[in-house]
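1. For reference, the sequence and a predicted model appear below.
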Amino acid sequence: MDGKARATLTDAEASFLVDFRRDLHMHPELAWEEHRTAAKVAEAARQAGLEVREGVAGTGVVAVLRGSGSSPSDGVRRTILIRADMDALPLQEAPGRPYGSTVAGRMHACGHDAHTAMAITAAKVLARQRGTLPGNVVFAFQPAEETDGGAAPMIAAGALLEPRVDAAIAIHLANTIQVGQIAAQPGPVSAATDGFVIVIRGKGGHAARPHLSVDPIAVAGQIITALHTLMTREKSPAQPGVLTIGAIHGGTAGNIIADTCELRGTLRTYDPALRTELRRRVVEVVEGTAQTFRATASLEWDGGAYPPCVNDAVITDLVRSVAGKVVGHGNVVTQEPSLGGDDMAYFLEAVPGCYMRLGSANASRGIDGPGHSPRFDIDEDCLPIGVNVLVETAWAYLAGQSEN
Ligand SMILES: [Zn+2]
Ligand SMILES: [Zn+2]
């Protein structure tokens, strides 16, 4: 960046940004159902003069901006990808917002409305500058980050080809940091997410005669305790990893011993060796504990597990230096790595890149609800900051500054 503040939004772009985000917020769509969102994105990208490919892995949209500026001094024309996810969550939003969700039980509670609005606005800004842009920018608007992941199928459908992508960046909002702050650090930033379902089979009967039955709910209690013990006694406390049982279903009445009980949970890790070991031990503990108490249990892993999201050191350096110029170097922070998952991981497995977190909380305005909660909201002042960082990082990368 040369201090020319290329990314400064015009008034029209700034209001487009907020309007776009609010419109998506009012019309949230679940994973693989992002039809309206995708259509809006595609239309805006086309209007900005980008080449648009729709229906990429279902509802995904790829929009390509080919810069016509002269090549950077090293002569290498590069392509950077900016990724945004589009899906909302099955959650009822807390009432009282002027631009609240209009769909019962659906909410943009993870900020994907903002991710999409920032990326499409960055596309408009960069399109306005394409005459001097020394390379290409590919925008990938992906479905289904919250479920089984649109990133991998979009890559399989050619999102990283024509033009061939050299690096990738993405923003995720974070209410764990304040508006005006940005977190980006090299190495793992989100976890491998291994979801699972455990089915415990006992033998139903009368609540008063447990000895004639095998109580799968009692066994479930033992399995939960055993799994938590596994995580604290067999994993080094210095290594990140967590296991949560988030759902338990079994039984119909207080005086009946159930036949079966189902547990659903997730295992989160960074380290591939630890992941393999814990996946093996979780199954052993589940089966062994059930057997100890005369039941049987089976565990199935979800197909949609994400690998860990790992930031490249060089691209992350570039992002941190650009972000420092946008928000001040003191506001570029390092966050405790998160055991959340994000399928940006697949883009970062394929090409070097950086997944950064953009502060969206504002304690002084009471905006601090956590992601995935009905109270989640953002300070919209984060939106132009995000666009600036995307635009300036694209410029810096395409100009070859990551090679210095
Ligand atoms: Zn989420
Ligand atoms: Zn998210």
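-> Alright, I've got the coordinates. Residues are numbered from 1 along each chain as shown. Ligands and ions are numbered 1, 2, ... in the order given.
2. low pLDDT regions in the stretch 51-200 of the chain?
-> Low-confidence regions of the stretch 51-200 of the chain, defined here as pLDDT under 70, do not occur.
3. how about the helices in this protein?
-> Per DSSP state H, the chain carries helices over the ranges 11-26, 35-47, 112-128, 151-156, 216-233, 272-292, 313-327, 344-350, 382-398.
4. and the fourth one, what other elements does it pack with?
-> Packing contacts for helix 151-156, counted by 3 or more Cβ pairs under 8 Å, 6 or more residues apart in numbering; DSSP states H and E, involve strand 60-66, strand 135-142, helix 344-350. All C-beta atoms are positioned from the backbone trio N, CA, C, and that covers glycine.
5. ok, the nearest residue to A88 once chain neighbours are set aside - contacts?
-> Once flanking residues are discounted, A88 sits nearest to P28: 3.2 Å by Cβ to Cβ, 6 or more residues apart in numbering. P28 makes contact with A88, L89, S101, V103, R106, M107, H108, D113, according to Cβ atoms under 8 Å, 6 or more residues apart in numbering.
6. any idea which of those residues has the most stuff around it?
-> Neighbour counts for the contacts of P28 (other Cβ atoms under 10 Å) peak at D113, which has 30 neighbours.
7. correct me, but that residue touches L17?
-> No. Using Cβ atoms under 8 Å as the test, D113 is too far from L17 to be in contact (11.3 Å).
8. can you pull the contacts of I223?
-> I198, I200, L263, V285, V286, T289, A290, A297.
9. Same list (the residues you listed) but as CSV, adding distance to S360.
-> Output for these, formatted as CSV (distance: Cβ to Cβ, whole Å):
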residue, distance to S360
I198, 36
I200, 41
L263, 33
V285, 39
V286, 38
T289, 42
A290, 44
A297, 41
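10. Counting neighbours, which of those comes out on top?
-> Of all the contacts of I223, I200 has the most neighbours under the rule other Cβ under 10 Å, reaching 29 neighbours.
11. In the sheet, which residues pair with that one? Tell me.
-> Legend: beta-bridge partners of I200 under DSSP bridges are C261, A297.
12. Can you tell me how far it is from A84?
-> Remark: distance between I200 and A84 (Cβ to Cβ, to the nearest Å) = 40 Å.
13. same deal with T269?
-> Distance of T269 to A84, computed by Cβ to Cβ: 26 Å.
14. The helices of the chain: which one's closest to I171?
-> helix 382-398 (5.1 Å; Cβ to Cβ).
15. and the angle for the closest one with strand 135-142?
-> Here helix 382-398 runs at an angle of 140 degrees relative to strand 135-142 (axes from the mean of the first three to the mean of the last three Cα atoms, to 10 degrees).
16. hey, C-alpha coordinates of helix 382-398 in PDB?
-> Output of helix 382-398 as PDB, limited to C-alpha atoms (Å, rounded to 0.1, in the frame of the first residue of the first chain):
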ATOM      1  CA  CYS A 382     -16.700  -2.900  11.100                       C
ATOM      2  CA  LEU A 383     -18.000  -3.400   7.600                       C
ATOM      3  CA  PRO A 384     -16.000  -0.600   5.700                       C
ATOM      4  CA  ILE A 385     -12.900  -1.700   7.700                       C
ATOM      5  CA  GLY A 386     -13.300  -5.200   6.400                       C
ATOM      6  CA  VAL A 387     -13.700  -4.000   2.800                       C
ATOM      7  CA  ASN A 388     -10.600  -1.800   3.200                       C
ATOM      8  CA  VAL A 389      -8.500  -4.700   4.400                       C
ATOM      9  CA  LEU A 390      -9.800  -7.000   1.600                       C
ATOM     10  CA  VAL A 391      -9.100  -4.400  -1.100                       C
ATOM     11  CA  GLU A 392      -5.700  -3.300   0.200                       C
ATOM     12  CA  THR A 393      -4.600  -6.900   0.800                       C
ATOM     13  CA  ALA A 394      -5.500  -7.800  -2.800                       C
ATOM     14  CA  TRP A 395      -3.600  -4.800  -4.100                       C
ATOM     15  CA  ALA A 396      -0.500  -5.600  -2.000                       C
ATOM     16  CA  TYR A 397      -0.500  -9.200  -2.900                       C
ATOM     17  CA  LEU A 398      -1.000  -8.600  -6.600                       C
END
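17. from the middle of its chain, how far away would it be?
-> 19 Å (Cα atoms, centre = their mean, to the nearest Å).
18. elements contacting that helix?
-> Judged by 3+ Cβ pairs under 8 Å, 6+ apart, helix 382-398 is in contact with helix 11-26, strand 78-85, helix 112-128, strand 135-142, strand 167-178, helix 313-327, strand 353-361.
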